[in-house]
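Trainee: Provided below for reference: sequence and predicted model.
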Amino acid sequence: MSKGFSKSSVGRKVLMALSGFFLMFFLVQHLAINLISVFSADSFNAASEFMGTNPLVQFALQPVLFFGIIFHLAMGIYLELKNRAARPIKYAMNKPSENASWVSRNMVITGIMILLFVGLHMVHFFFPTINAHYITHEHLDAYEMVANKMANPVYFGIYILAFIFLALHLLHGFQSAFQSVGFNHNKYTPIIKKLSYLYAIAVPLGYAIVAVYHFTNACCSSASCSL
């Protein structure tokens, strides 16, 4: 890919879309592991142990994931600022809701909210996992860690809210990614649009189901859900 292409508006949109595809693939993979915790604590711990100690995951895929998240957000903010700078003043003042949906006009906001949650999620899960596996070499019960966090009503509420923002982000982002790479056809675009709704609802809902499962388990095992 030439430098000229990556510096062009079209090139940046393509790179933005490719990073989006990568992150959407990661969401499905991560959800698959999370869902294991609903069926088997031992299997979930085994999967978490594999992902947390596999050198390919930790030292190759993990850095690519972090770069992809930061790049996607930074490029999204950059493109939004460029679009606003190029947009006529009358367009910005004359009922923008008639020209674009709320979701498409607030992709940066939903993206920032998701990034804030990713930071919180890393503090509560990623850093303790790295610390246990590579620094203290202590046994880590991943299932217990997830169950304990989801038992906290505050964290549970933030978790659910974060995936509502993710659903909103995906409602526009999924379809937009395909358009950015040139996949735009009268026959297939309606199908992609339907798939975008399916993905944007099913994936965040899957994460929410896992959270609700652990939260209700904690509530059922105690007299009340307390911090």
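Mentor: Looks like it came in fine. Numbering: from 1, shown residues only.
Trainee: Which residue comes closest to residue 149 once chain neighbours are left out?
Mentor: Counting by CB to CB, 6 or more residues apart in numbering, residue 155 is the residue found nearest to residue 149 once chain neighbours are left out, at 5.3 Å. Heads up, the C-betas are built off the backbone N, CA and C, glycines and all.
Trainee: Quick check: which element contains that neighbour?
Mentor: Element membership of residue 155 [criterion: DSSP states H and E] is helix 153-180.
Trainee: can you pull out the helices in the chain?
Mentor: In the chain, the helices defined using DSSP state H lie at 3-7, 9-39, 41-53, 55-56, 62-86, 89-93, 102-105, 107-121, 127-130, 142-150, 153-180, 189-220.
Trainee: The nearest residue to residue 124 once chain neighbours are set aside: neighbouring residues, count only.
Mentor: Residue nearest to residue 124 in three dimensions, not counting chain neighbours: residue 149, with 5.7 Å by CB to CB, 6+ apart. Using other CB atoms under 10 Å, residue 149 is surrounded by 18 other residues.
Trainee: hang on, the earlier thing: confidence-wise, which of the helices of the chain is weakest overall?
Mentor: Looking at the helices of the chain, the lowest mean pLDDT belongs to helix 89-93 (a mean of 52).
Trainee: OK, contacts around the closest residue in space to residue 20 that isn't next to it in sequence?
Mentor: In space, and not counting its chain neighbours, residue 20 is closest to residue 177: 4.4 Å by CB to CB, 6+ apart. Neighbouring residues of residue 177 by CB atoms under 8 Å, 6 or more residues apart in numbering: 16-17, 20-21, 24.
Trainee: would a markdown table of those residues with distance to residue 116 and neighbour count be doable?
Mentor: Formatted as a markdown table, these follow (distance: CB to CB, whole Å; neighbours: other CB atoms under 10 Å):
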| residue | distance to residue 116 | neighbour count |
| --- | --- | --- |
| 16 | 20 | 22 |
| 17 | 23 | 21 |
| 20 | 19 | 23 |
| 21 | 23 | 15 |
| 24 | 19 | 17 |
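Trainee: coming back round to it: the residue nearest to residue 149 contacts residue 147, correct?
Mentor: No. The criterion here is CB atoms under 8 Å, and residue 155 misses it with residue 147 at 11.6 Å.
Trainee: that older thread, quick one: closest of the helices of the chain to residue 136.
Mentor: With distances scored as CB to CB, the stretch of the helices of the chain nearest to residue 136 is helix 127-130 (9.8 Å).
Trainee: same for that closest one, what does it pack against?
Mentor: If contacts are counted by 3 or more CB pairs under 8 Å, 6 or more residues apart in numbering; DSSP states H and E, helix 127-130 sits against helix 41-53.
Trainee: again, 7 Å this time
Mentor: Helices and strands touching helix 127-130, by 3 or more CB pairs under 7 Å, 6 or more residues apart in numbering; DSSP states H and E: there are none.
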